Structure formats: structure tokens, C-alpha cells
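Q: build me a model:
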Amino acid sequence: MDFGDEEDDVTLETIEDFEEMVGKHQAIIASSSYWGEQNFPVDNLNIIWRHGSLPLVFWSPWDKPYEEDHGPDKFSLTEILSGKWDAYIDKWADAARDFGHPMIVVFGVEMNGTWFPWSGAYYGGAQWDPEVKNWKGPETFRKAYRYIVDRVRARGASNIKWMFHTNNYPYPYEVWNSAAAYYPGSDYVDWLGLSVYGQQYRDEPNPDIPSLVDWPYEEMSRLDPNKPIMIAEWATGEFPLATAPPSAIRKPAWIKQGLELFRTRYPRIKAAVYWHERWQNADGSYSNLRVNSSVESLQAYREGVAHPDWLGDLILRAIPKK
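A: Numbers count the residues shown, from 1 in each chain. Down below sits the predicted model:
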């Protein structure tokens, strides 16, 4: 849901308005925790949990003003690995532990694209490291991910499930930038996540769901045979017929296709979180990703999520203590 520029302005009113609009309670609600804020968003998570939803937190090592398409800032992966931010990590972990309820956390979302400063492209990219038999850029991210998870677990925050979350296709589209090169290992991952976006600009095509998901789904499935997969972000823009390419799938049909195929074509997909926002692109234009960008799009979403396979309420299973 549109929780503001920093994705952390969580309010009960926003949640209830969205649910009334789409006709379904939300099992999972996503928000962000940027390192530049230097806090743990306990108030946000309490709102979400008391509403009966599972918090999904994008924990991003990103400094203000949170602009995309630039290299590392003061929260660089190398600074994290050097121990410079240990006090903040520990403070965040302690607060997560004290929150006490289940939550899913993503560290460093979409690391296989160049828009965020933790991208492997900024840490040596395709340079090969013979000692670890991996490319330097992805290996730096993988080390930082493990470092974060180890440190948070050491503080007793066992209520966190960790998600490894990539963009569906890497950018640049190179072998060194593959999901496997970044994967920290199954001991560090509970969920596998994908971002799946359709048309962002008025003059580009809107690919169908199979072309956006088939190959990335197989790539993620190969990382681990059992981990559940989440479409952790998915959305497409809506543009006037006069400006959209003739080949573009219209947004209502795209939404309908997604909500059908996620549950029928891809058996390991267990959740999907729509990115309901009016998004500003790098060129200053806007893409209306919201589910209610038109009456027809909203109707497609309402009808899709009304299927009983899409559960609006949480099913939490207790894990026996060892």
C-alpha cells in the first residue's frame, strides 16, 4: 500500500481503506525500514500485527535522500562487513526480538539490479574471486547478508523469517549477476522472493505473466528444492490506449492473469504482494500502479483475490523448540 516516499507511514486507516476497496483482508502487509532512519519501526509493525496481518519488512541499507541509480553510500556493504554499523544492527535486532511476533525481513532487496546502492555491480561486479569461486560483486552482498543474519540471530530475534528477494530478471543481464551468485545459502533463507513488474513507461510493451515469471521461477526453484516462493512485489502501470503499444496487454487482463497463474501454474508460489502506488520513474514521469487506476483494473483485482485459494487470514504454525 502507498505508505509514503519512505514506505513507512503505516496507518490503520490506509490499511482499512485498501481492504474495503479490494474486498479482502490482507494476510501480509509490506513496509520499509531504511537504515537512514536509524530506528526499528515498532509502531508500524504493531499496527500491522494487531490488524491480524503478518509484517513484511524491507530492511534497506540506504541513506537519505533515498535516491536510486547511484553507488554505495555510508551504509555500504564493505562498511557493514567492517563492523561500523554493528551497534545499529544490534539495536534493530533487539527491538525485533522484543516485538516478539512473527515477521518476514528482506535485507537488500533486488540486489541484482543497478538501481540500489547495494547492487553487486558496485562491488566489483564480474571480477572473479578464485578463493571463493564466485564473482566479487555478488560475493560481497552474500557475505553482508550472512553477516546481518548471523548478528541478528545472535541477539535472539528468532521471530524473524528471512527472505532472499531478487528482481525477476537481472540488470545487467549477465551470468555473474544471476540469483545463484548472490544466494547466501539455505541456512540463511526461509522465503524466496521475486519482484515482477510489467509496463512502467507509456511507450513500452506490457509483457504477459509467463514471460515475466516462467524463467525466474525456475531459477529461484533451483536455489532450494523446498523453500516457498513469494511474489514479493508485482504491479503494472495503466496508460491511455492511444499511447500504449498495440502488443501491450491491458492492465485488467494482466492482473487477472497474474492472480490466476500465480496459484495454478507455479505450485511453489505461496503469497503475492501487490505494489499499490503511483510510482515516479527515473525520467520524472509517473506510472499509476494502483489496483484502482481504472474501474476495470480494480474489478479484475477484486475478482481475482476473491478466489478461495487466496487466503486473507494468516495460518501460523508453531515451531517446536529444539
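
Q: for the chain, what's the longest helix?
A: If you go by DSSP state H, the chain has its longest helix at helix 136-154.

Q: for that helix, buried residues please.
A: Neighbour counts over helix 136-154 (16 or more other C-beta atoms under 10 Å) mark 136-149, 151-152 as buried. (C-beta placed from N, C-alpha, C; glycine too.)

Q: any chance you could list what contacts it?
A: 61, 77-78, 80-81, 86, 89-90, 92-93, 96, 107-108, 111, 118-129, 132, 134, 160, 162, 164, 176-178, 181-185, 188 (C-beta atoms under 8 Å, 6 or more residues apart in numbering).

Q: chain center to it, what's the gap?
A: 18 Å (C-alpha atoms, centre = their mean, to the nearest Å).

Q: the helix or strand following that helix pairs with which strands?
A: Where DSSP states H and E defines the elements, the next helix or strand beyond helix 136-154 is strand 160-167. With DSSP bridges as the test, strand 160-167 is paired with strand 103-107 (parallel), strand 191-197 (parallel).

Q: give the buried residues for the helix or strand bottoming out on mean pLDDT in the chain.
A: Least confident helix or strand of the chain, by mean pLDDT, DSSP states H and E, is strand 278-280 with a mean of 86. Residues of strand 278-280 classed as buried by neighbour count (16+ other C-beta under 10 Å): Trp279.

Q: who does that strand pair up with?
A: If you go by DSSP bridges, strand 278-280 pairs up with strand 286-288 (antiparallel).

Q: following the strand it pairs with, which helix or strand shows up next?
A: Later in the chain than strand 286-288, the nearest helix or strand by DSSP H and E is helix 295-305.

Q: mean confidence for the longest helix of the chain?
A: The pLDDT scores in helix 136-154 average 98.

Q: now the nearest residue to His51 once chain neighbours are set aside, what's its secondary structure?
A: Nearest residue to His51, sequence neighbours excluded (C-beta to C-beta, 6 or more residues apart in numbering): Ile15, at 5.9 Å. For Ile15, the secondary structure call by DSSP: H, G, I helix; E, B strand; the rest coil comes out as helix.

Q: likewise Ser211?
A: Following three-state DSSP, Ser211 is assigned to helix.

Q: what is the neighbour count of it?
A: Using other C-beta atoms under 10 Å, Ser211 has 12 neighbouring residues.

Q: same question for Ile28.
A: Around Ile28 there are 17 other residues, counting by other C-beta under 10 Å.

Q: pretty sure it is touching Ile104, no?
A: Yes. When contacts are counted by C-beta atoms under 8 Å, Ile28 is listed as touching Ile104 (7.5 Å).

Q: and for these two, which residues touch both?
A: Common contacts of Ile28 and Ile104 (C-beta under 8 Å, 6+ apart): 54-56.

Q: now a ChimeraX select for only the buried ones of the residues you listed.
A: Buried residues among the shared contacts of Ile28 and Ile104 (16+ other C-beta under 10 Å), as a ChimeraX selection:
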select :54,55,56
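
Q: got the shared contacts of Ile28 and Ile104 as TSV, with pLDDT columns?
A: Listed next are the shared contacts of Ile28 and Ile104 as TSV, based on pLDDT from 0 to 100:
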residue	pLDDT
Leu54	98
Pro55	98
Leu56	98
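
Q: what segments of the stretch 1-150 of the chain are strands?
A: With strands called from DSSP state E, counting those that start in this stretch, the stretch 1-150 of the chain shows them at 28-34, 54-60, 103-107, 128-129, 134-135.

Q: name the helices or strands packed onto the last one?
A: Strand 134-135 sits against strand 128-129, with contacts defined as 3 or more C-beta pairs under 8 Å, 6 or more residues apart in numbering; DSSP states H and E.

Q: what lines up beside the strand it packs on in the sheet?
A: When DSSP bridges is applied, strand 128-129 pairs with strand 134-135 (antiparallel).

Q: and the contacts of the strand it pairs with?
A: 120, 124-129, 142, 176, 181.

Q: which of the residues you listed are buried, as a ChimeraX select command?
A: A single ChimeraX command selects the buried members of the contacts of strand 134-135 (16+ other C-beta under 10 Å):
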select :120,124,125,126,142,176,181
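
Q: can you give me the strands for the stretch 201-322 of the chain?
A: Taking DSSP E, counting those that start in this stretch as the criterion, the stretch 201-322 of the chain carries its strands at 229-235, 269-274, 278-280, 286-288.

Q: what's next to the third one, contact-wise?
A: Defining contact as C-beta under 8 Å, 6+ apart, one finds that strand 278-280 is touched by 2, 200, 235, 237, 286-290.

Q: run through the stretch 151-300 of the chain and note the low-pLDDT ranges.
A: 242-244, 247 (pLDDT under 70).

Q: and the residue nearest in space to the middle of the chain, what does it touch?
A: Closest to where the C-alpha atoms of the chain average out (C-alpha atoms, centre = their mean) is Ala232, at 4.4 Å. By C-beta under 8 Å, 6+ apart, the contact list for Ala232 reads 30, 56, 106, 109, 163, 165, 193-195, 271, 273.
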